[in-house]
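Asks: Okay, structure incoming, though there's no sequence with it:
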Ligand SMILES: *C/C=C(C)/C=C/C=C(C)/C=C/C1=C(C)CCCC1(C)C
């Protein structure tokens with residue numbers, strides 16, 4: 001009892017510290033956010049939503065059984081890392097009217113592997129999962145992101161880089177729809193986990209498709225990437241709400257359901 005109390009106090013302080021840290025970053029913003037600047041406002045709104053989600057996942061960690069705690073920690077880390085990036089990208093946007101997509105890769109290199117690990121963690125909460133599942137998901141993620149990055153940064157021609165990135169994504173989809181991860185889910189997971197797993201992989205299919213589409217329209221249709229900057233940023237921002245916050249909420253809800261099962 002005493003221990004529980006201490007633990008939840010610690011978590012609350014963690015949340016408060018995070019909030020204070022972020023609001024001081026926010027106040028240091030250079031320039032003013034114009035009320036007609038929809039992209040800037042979407043950065044602002046979503047960074048707030050990401051912070052709220054972070055505090056929520058960290059606090060709710062106290063409510064779930066031990067084996068589910070890591071999943072919630074990871075969900076909170078994803079939204080925390082993204083929130084810090086959003087503050088930075090918003091500042092750059094307000095100051096310059098543009099924000100290079102390459103900034104997003106720094107966020108993706110940390111958050112996308114963490115999102116991938118969630119598949120492994122969710123299955124690990126219910127059964128023993130071979131390490132190969134973890135490594136295949138990780139390798140697919142890195143191939144996808146490094147492929148995209150070397151194309152966008154101009155180290156490799158955009159088309160071959162895009163193809164390599166697409167292959168990495170296809171490998172991930174294979175693993176969760178037909179590979180070992182999908183079989184473990186189908187054969188060993190209780191109904192609630194199976195349904196969460198299915199929703200998670202739909203997000204990885206349709207929610208994630210938004211990013212390669214952005215790459216395609218930005219670089220492979222022959223138009224000037226700068227001209228689509230505004231719409232591209234709004235689309236990426238909305239995609240992140242689905243792929244980071246909603247994804248975490250699905251995991252939270254299965255963690256609570258499984259923890260409360262008698
Ligand atoms: C929170 C951020 C997320 C979930 C970002 C996901 C990014 C991708 C799924 C990117 C995919 C790409 C390809 C499939 C092909 C190459 C270009 C990329 C990197 C945009």
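Replies: That came in fine, so what should we check first? Predicted model only: the values in this text are computed from it and were never measured.

Asks: Tell me the residues of this protein that contact the ligand?
Replies: 108, 111-112, 115, 144-145, 147-148, 162, 165-166, 169, 208, 211-212, 215, 240, 243-244 (C-beta under 6 Å from any ligand atom). Heads up, the C-betas are built off the backbone N, CA and C, glycines and all.

Asks: For the residue of the stretch 151-262 of the chain found nearest the ligand, give me its contacts.
Replies: Closest residue of the stretch 151-262 of the chain to the ligand, C-beta to the nearest ligand atom: residue 165 (2.4 Å). Neighbouring residues of residue 165 by C-beta atoms under 8 Å, 6 or more residues apart in numbering: 143, 144, 145, 146, 147, 148, 151, 212, 215.

Asks: let's see it at 10 Å
Replies: 143-152, 211-212, 215 (C-beta atoms under 10 Å, 6 or more residues apart in numbering).

Asks: Same list (the residues you listed) but as JSON lines, adding neighbour count.
Replies: Below are the contacts of residue 165 laid out as JSON lines (neighbours: other C-beta atoms under 10 Å):
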{"residue": "143", "neighbour count": "19"}
{"residue": "144", "neighbour count": "25"}
{"residue": "145", "neighbour count": "19"}
{"residue": "146", "neighbour count": "17"}
{"residue": "147", "neighbour count": "21"}
{"residue": "148", "neighbour count": "25"}
{"residue": "149", "neighbour count": "20"}
{"residue": "150", "neighbour count": "17"}
{"residue": "151", "neighbour count": "22"}
{"residue": "152", "neighbour count": "22"}
{"residue": "211", "neighbour count": "23"}
{"residue": "212", "neighbour count": "16"}
{"residue": "215", "neighbour count": "21"}
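
Asks: taking the mean pLDDT, what do you get for the host helix or strand of residue 95?
Replies: Secondary structure from DSSP states H and E places residue 95 in helix 66-96. For helix 66-96, mean pLDDT is 95.

Asks: in it, what counts as buried?
Replies: Neighbour-count burial for helix 66-96, counted by 16 or more other C-beta atoms under 10 Å, picks out 68-72, 74-94.

Asks: before we move on, the earlier item: mind listing which of the residues of the chain next to the ligand are in strands?
Replies: Assignment to strands by DSSP state E places none of those there.

Asks: Just give me the closest of the contacts of residue 165 to residue 43.
Replies: residue 211 (17.0 Å; C-beta to C-beta).

Asks: out of everything not next to it in sequence, what's closest to the closest one?
Replies: residue 239 (6.8 Å; C-beta to C-beta, 6 or more residues apart in numbering).

Asks: For that neighbour, give me its contacts.
Replies: 206, 207, 208, 209, 210, 211, 213, 214.

Asks: go on, residue 212?
Replies: 144, 148, 162, 165, 166, 169, 220.

Asks: try it again with 6 Å
Replies: Residues near residue 212 by C-beta atoms under 6 Å, 6 or more residues apart in numbering: none.

Asks: Same question for residue 230.
Replies: Residue 230 neighbours (C-beta under 6 Å, 6+ apart): residue 39.

Asks: quick one: it from residue 183, how far?
Replies: Distance of residue 230 to residue 183, given as C-beta to C-beta, to the nearest Å: 44 Å.

Asks: those helices in the stretch 101-250 of the chain, which residues are they?
Replies: 102-124, 131-152, 158-177, 180-188, 191-202, 208-219, 229-240, 247-260 (DSSP state H, counting those that start in this stretch).

Asks: As a markdown table, those with distance to residue 38 and mean pLDDT would be great.
Replies: Putting the helices of the stretch 101-250 of the chain into a markdown table (distance: least, C-beta to C-beta, whole Å; pLDDT from 0 to 100) gives the following:
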| stretch | distance to residue 38 | mean pLDDT |
| --- | --- | --- |
| helix 102-124 | 18 | 95 |
| helix 131-152 | 24 | 96 |
| helix 158-177 | 28 | 97 |
| helix 180-188 | 39 | 97 |
| helix 191-202 | 28 | 96 |
| helix 208-219 | 17 | 89 |
| helix 229-240 | 7 | 88 |
| helix 247-260 | 24 | 96 |
